[in-house]
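# let me see the structure of the following:
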Amino acid sequence: MNSKSSRKWGPIRSMLALAPIFFTAPFYALYHQYTLPTPNVHQYDPQTHLPHPSEATILSYAKHLSEEIGFRTPGTREHALADAWMVRKAEEVKQLCENIVQKEKGRKLECEVWRQEGSGSHRFDMMGTRLYKTYVNLSNIILRISDGTERGKEAAVLINAHLDSTLPSPGAADDALAVGVMLECARVLVETQGWEPTHSVIFLFNNAEESLQDGSHLFSTQHPIASTVRAVINLEAAGTTGREMLFQATSEEMIQAYSHVPRPYGTIFANEIFSSGIILSDTDFRQFEYYLNVSGLDMAVVGNSYLYHMRGDVVENIQPGVAQHMADNSLALIRFLSSDESPIPRLANGFARPRTVFYSSFGRLVVYSFTTAKVMYVTLLASSILLVWATRVRRVWTGLGALFAAVVGALMGANGLAFVMAYVLGKGMSWFKQEYHPVILYGPAAITGPKGSTHTLEKPTFVALLLLQSTLAAVAQLFNIGSGAAPFLGAVSAFAALGVDAVLAYAEDNEVSLWTYAIAMILPLTTGVQLFAATLVVFVPLTGRTGEEAPAEFIIASIVAILGVFTMPFALPFAHRFGPGVLRRAFILAVIGLGLVMAFFYGQEPFDKKHQKRLFVVHMEDLVTEAQHLHIAAADGAPGFDTLAHDIAARFGVDGVLPKAVIMDDHNSDWNTLYPFSAFLSPFKIDLPLDPAYIAPSPSEARFSVTAVNDTVYEQTGTRQLTLKIDHPGLIWTVIAFDAHVVEWTLDNSPPDEFARHHIKEASFYGTDTWTVTMTIKHPVAPPSKGAVNGRDTDLGSGLEIDFIGIQENRMWPGKKAESDGNEVMQFFKEFDEWIEETTGGTVEPLLLGCVRGETVI
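Residues are numbered from 1 along each chain as shown. Take a look at the predicted model:
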């Protein structure tokens, strides 16, 4: 590629010359990003005979929990079976430990096991919603490995996974996989000859995360060894493929600890995005951070999150190497944090939020401080200005204008197409079933956005690109935004490229050597493609559960446009290289290509058998009216749900009665079992024909009820003190909701000082059927007046009106499919499941819950 002749090459020859870098760099980066280790089949290395984590063993544990025991929803029989199994496995590790200590005389090693059981309550604000949790007799299984000394037990690293699974999922990856990883790590540590921890290791197998982190709250607030925890490693899964991602790191010490893992995968970008609250998700890490005030690492498998909280979360869908990757990294972290080199002694005195830039690249973790970043970024900005001044490039301001116009044009082009697809053609979310489909759809639209060109702007736009990226990096870092590393990496490439171009010293100072592009492409392509892929892997499936009102189409289009600009910033100066004539022809070709792409996606449906639509179905039995209704809802904005709702009503509802669209708000108690996630749902209500032989949901002597005990009104203070007693035989995940001005209660110390709507959700161990909450409220509840509440006139000032609802423990499909007792609800679910499979071709996956609701005035 001779510098003097290459500038005369046409667009095709120039692109062919750059093609090896353009294609090789991103593919090489993605290869490193997605490559997983070879799974270990045996528990011992065949050559050295030393213990190592075995993926086969990990997956056998996950399979037992998810498929042999099954859906381990808190409160169910399966949940109790998993609890008993976990106690046995922890005791086996303890016995192994004791046997090895007997053989290795003098080895300082002690294993202790607890089965914690307790009750409690906590406030759980989520999605801008205030929610209260209460739990009764829930459990945790704890294994502590130490050197047996009091000093060794003073400070510990906690590694956590949850044993339970959520309502619609058997939970193989989420989170039985991590449970197996922890068991294997414990075994390997114990069997490693001579290993003695300087600091103890606490393995917490918490048994109630999916009920909104009750298990981790129980441990953090009530277990006697919780106060010894100085650092936390939380293992999670929101998918079944790829490396587990580090998405929360809360101190510099823990980031440095993470640098010791064999295959790091995490970035400051993910850390800052998650901490911003954009992603409406949470983990047990929240409880440890809030109640124990400790630092830590939060890691999760996120690839193929289409299966997150779905029936397909089974072992056969976990990609080979996923368990091995998590186990190898977890083991390395435990070994380092329990060693003499551990930062745990420093963390015992507290910790500061990280001021550290970090990102993984080609198997290594790059780490440097914010101070170093500021020096580097400002130095690069100053050097860029000097380089531009020294090369005497003209029309830089014009180049900046062209650059801004291109960025705006990319956003306009992508979002314009999003509007057409969603609102003109009615084909929103047609890209949903593959993470890379948005690039194919919106990439050409971003390219065809308005740009304009003159042949003389090639070097000015290249220089403007350098100045813009270096300025963004410096300014972002001066405001302590670590993600300024992204434009910094692009600016480094542009600076090096323009430096080479200056050495080549073209006579035509507005033209750029092809060598300049070859250098400028490398870093943006490698880092940009990795960031692009990681972002789409998270955000594309996420749009399937963000609600009908979320502007999913525009979010995805904007992500493609913005990350596309970051990944290929050199495209604009390259477009100016050949003048307006060539650019016009290229534009025409791009428009033709865009038309073909639109035609392709117009023929695509959003969902298929491996990327399904979530359908939430509640079969409701009303204790007051004895009516039965079917409530259905979707959590996405894809077209076609209204038609599906009418088809369901025609097949299962009362003849001639159409489904009713229902407003979803805090007073819609029919969906309180899923509150506050219910805010994302678009519900319909369908009247069901009532069988003449229908019998009330439970016998009169054992009915679901809410009553008041120790009820006293204090007229002088205008308050009422009472204890609400909720009896829920055979029901789980009960919820009560009411309007009142609460002065104080047993849930927390700071109820809102106003008349407000309150939701209290319960989770209890299998067989527990009563819970209480004591409160003092202002009396009367509201100014005396007549009003229609739930369809009847009520004197709102005369009492406390309570809506209550619960899930029948043996009326969940597919969770209880294996032990269906022939009840009419389960028969209905079986018929509905088969019908939806046949009607939609398996593209819709329903979660079917048999619920009982009622209302009372106390």
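
# use CA for all of it now, contacts and neighbours both
Fine.

# helices along the stretch 551-700 of the chain, start to end?
Secondary structure of the stretch 551-700 of the chain (DSSP state H, counting those that start in this stretch): helices at 552-567, 571-575, 579-602, 641-652.

# quick one: mean pLDDT for the strand or helix carrying residue 95?
In this assignment (DSSP states H and E), residue 95 forms part of helix 77-103. Averaged over helix 77-103, pLDDT sits at 97.

# can you give me the buried ones in whichever helix or strand comes after it?
Downstream of helix 77-103, the next assigned helix or strand under DSSP H and E is strand 110-123. The neighbour-count check on strand 110-123 (16 or more other CA atoms under 10 Å) flags 110-113, 116-123 as buried.

# any weak-confidence spans in the stretch 401-550 of the chain?
For the stretch 401-550 of the chain, applying pLDDT under 70 flags the ranges 449-456, 505-510.

# and the pLDDT at the residue nearest to residue 11 when sequence neighbours are not counted?
Leaving aside its sequence neighbours, residue 11 sits nearest to residue 578 (CA to CA, 6 or more residues apart in numbering; 7.0 Å). According to the prediction, residue 578 has pLDDT 81.

# how about the one 10 residues further on?
Confidence per residue is given as pLDDT, and for residue 588 that number is 87.

# what stretches of the stretch 251-400 of the chain score poorly on pLDDT?
Applying pLDDT under 70 to the stretch 251-400 of the chain picks out residues 280.

# who's in contact with stretch 203-223?
With contacts defined as CA atoms under 8 Å, 6 or more residues apart in numbering, stretch 203-223 is touched by 73-74, 83, 86, 116, 118-120, 122, 124, 133, 135, 138-144, 158-166, 179, 182, 226-227, 283-284, 287-288, 291-292, 733, 763.

# from these, list the buried ones, please.
73-74, 83, 86, 116, 118-120, 122, 124, 133, 135, 138-144, 158-166, 179, 182, 226-227, 283-284, 287-288, 292, 733, 763.

# in helices only, show me those residues.
Counting by DSSP state H, the part of the buried ones among the contacts of stretch 203-223 found in helices is 83, 86, 179, 182, 287.

# most widely separated two among those residues?
For these, the farthest-apart pair by CA to CA is 86 and 287; their separation is 21.9 Å.

# could I get the contacting residues of residue 605?
For residue 605, the contacting residues are 427, 430, by CA under 8 Å, 6+ apart.

# actually residue 75, not the one I wrote
732-733, 763-768, 809.

# filter those residues to the buried ones?
Among the contacts of residue 75, those buried by neighbour count (16+ other CA under 10 Å) are 732-733, 763-766, 768, 809.

# just those residues now: which is nearest residue 402?
Nearest to residue 402 among those, with distances taken as CA to CA, is residue 733, at 57.7 Å.

# shouldn't the closest one be in contact with residue 674?
No. Counting by CA atoms under 8 Å, residue 733 stays clear of residue 674, with 9.3 Å between them.

# any chance of the buried residues of strand 110-123 in TSV, plus distance to residue 476?
Output for the buried residues of strand 110-123, formatted as TSV (distance: CA to CA, whole Å):
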residue	distance to residue 476
110	49
111	48
112	48
113	48
116	46
117	48
118	47
119	46
120	43
121	41
122	37
123	35
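
# farthest-separated two in the residues you listed?
Checking the buried residues of strand 110-123 with CA to CA, the most distant pair is 110 and 123, at 36.3 Å.

# how close does residue 599 get to residue 441?
According to CA to CA, to the nearest Å, residue 599 and residue 441 sit 10 Å apart.

# so for the two, which sits in the more crowded spot?
residue 441 (24 against 11; other CA atoms under 10 Å).

# using the three-state scheme, assign that one.
Secondary structure for residue 441, judged by DSSP: H, G, I helix; E, B strand; the rest coil, is helix.

# relative to residue 761, how far out is the spatially most central residue of the chain?
The chain has residue 281 as the residue nearest its centroid, 5.1 Å off, counting by CA atoms, centre = their mean. Distance, residue 281 to residue 761, using CA to CA: 18 Å.

# residue 78 too?
Between residue 78 and residue 761 the computed distance is 21 Å (CA to CA).

# same deal with residue 597?
Distance from residue 597 to residue 761, counting by CA to CA: 47 Å.

# quick one: contacts of stretch 83-103?
Here stretch 83-103 makes contact (CA under 8 Å, 6+ apart) with 107-113, 115, 139, 141-143, 163, 183, 186-187, 190-191, 205, 207.
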